[in-house]
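# just coords:
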């Protein structure tokens, strides 16, 4: 299967769930975005590495990186390799003495390690087809998505249940929340659209 390279383009606070965040991965040579909801600890682990902050004592992911390096194991790449029931699965592809080994990982942990090792992140077409979202006016939006928004996206007065929307209305709503950089809501809408397609 062809691997599609991704970059981390945004790490934003969840608008609807105070303890959750969304990490947004962008297709390197295309307009698609892959929003993944993660917990606060995992978001901190990614943010610390992205900002090149050095804590007084190693965080868990720093400890794992130091351990791999001490054992002369190199993290070559991270692959988001599956999506089941709305849960993303990932693998760490490491090399030791010329041997390639794949290690199962939570996606958030894999991304935290990828940032620390500065290694490439990949996924497959079927995952982007199922869970990716497309930003209209992608050139303009790409710059905006490159950094988390300093101001939170505006909340809607009262959000209707997604099940009450038609598929066309869901697609319109998806465009709207992407323009607001509300990636967690976008993920919920995307999952609802995917569920409808599977029921057809």
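Okay, I see it. Source: prediction; values computed, not measured.

# just the strands in this structure please.
For the chain, strands defined by DSSP state E occupy the ranges 3-13, 20-27, 32-39, 74-84, 87-96, 99-106, 121-124, 133-134.

# Now do the fifth one, average pLDDT.
In this model, strand 87-96 has an average pLDDT of 97.

# For that strand, which strands pair with it and how are they oriented?
Sheet pairing of strand 87-96 (DSSP bridges) gives strand 74-84 (antiparallel), strand 99-106 (antiparallel).

# okay, now residue 180: neighbour count?
16 (other Cβ atoms under 10 Å). C-betas here are computed from N, CA, C, even on glycine.

# ditto for the one 5 residues further on
Residue 185 is flanked by 25 other residues according to other Cβ under 10 Å.

# Spatially nearest residue to it, not counting backbone neighbours?
Nearest non-adjacent residue to residue 185, counting by Cβ to Cβ, 6 or more residues apart in numbering: residue 177, 4.5 Å away.

# how much space between that neighbour and residue 22?
For residue 177, the distance to residue 22 equals 11 Å [Cβ to Cβ, to the nearest Å].

# ok so, going back, could you report the neighbour count for the residue nearest to residue 185?
20.

# distance of it from residue 188?
Residue 177 is 9 Å from residue 188, where distance means Cβ to Cβ.

# And for residue 6?
From residue 6 to residue 188 the distance is 21 Å (Cβ to Cβ).

# Report pLDDT for residue 65.
95.

# I'd say it and residue 118 touch.
No. Under the criterion of Cβ atoms under 8 Å, residue 65 is not in contact with residue 118, lying 10.9 Å apart.

# okay, those two: which has more neighbours?
A direct count of neighbours by other Cβ under 10 Å for residue 65 and residue 118 places residue 65 higher, at 18 against 8.

# and the more buried one, what does it touch?
Remark: with contacts taken as Cβ atoms under 8 Å, 6 or more residues apart in numbering, residue 65 is in contact with 75, 113, 116-117.

# nearest to residue 82, of those residues?
residue 113 (17.9 Å; Cβ to Cβ).

# and the longest helix for this protein?
Scanning the chain for the longest helix, with DSSP state H as the assignment, gives helix 183-199.

# That one: which residues count as buried?
For helix 183-199, the neighbour count (16 or more other Cβ atoms under 10 Å) marks 183-190, 192-193 as buried.

# Check stretch 39-46 too.
For stretch 39-46, using 16+ other Cβ under 10 Å, the buried residues are 42-46.

# What average pLDDT does it get?
Mean predicted lDDT for stretch 39-46 stands at 87.
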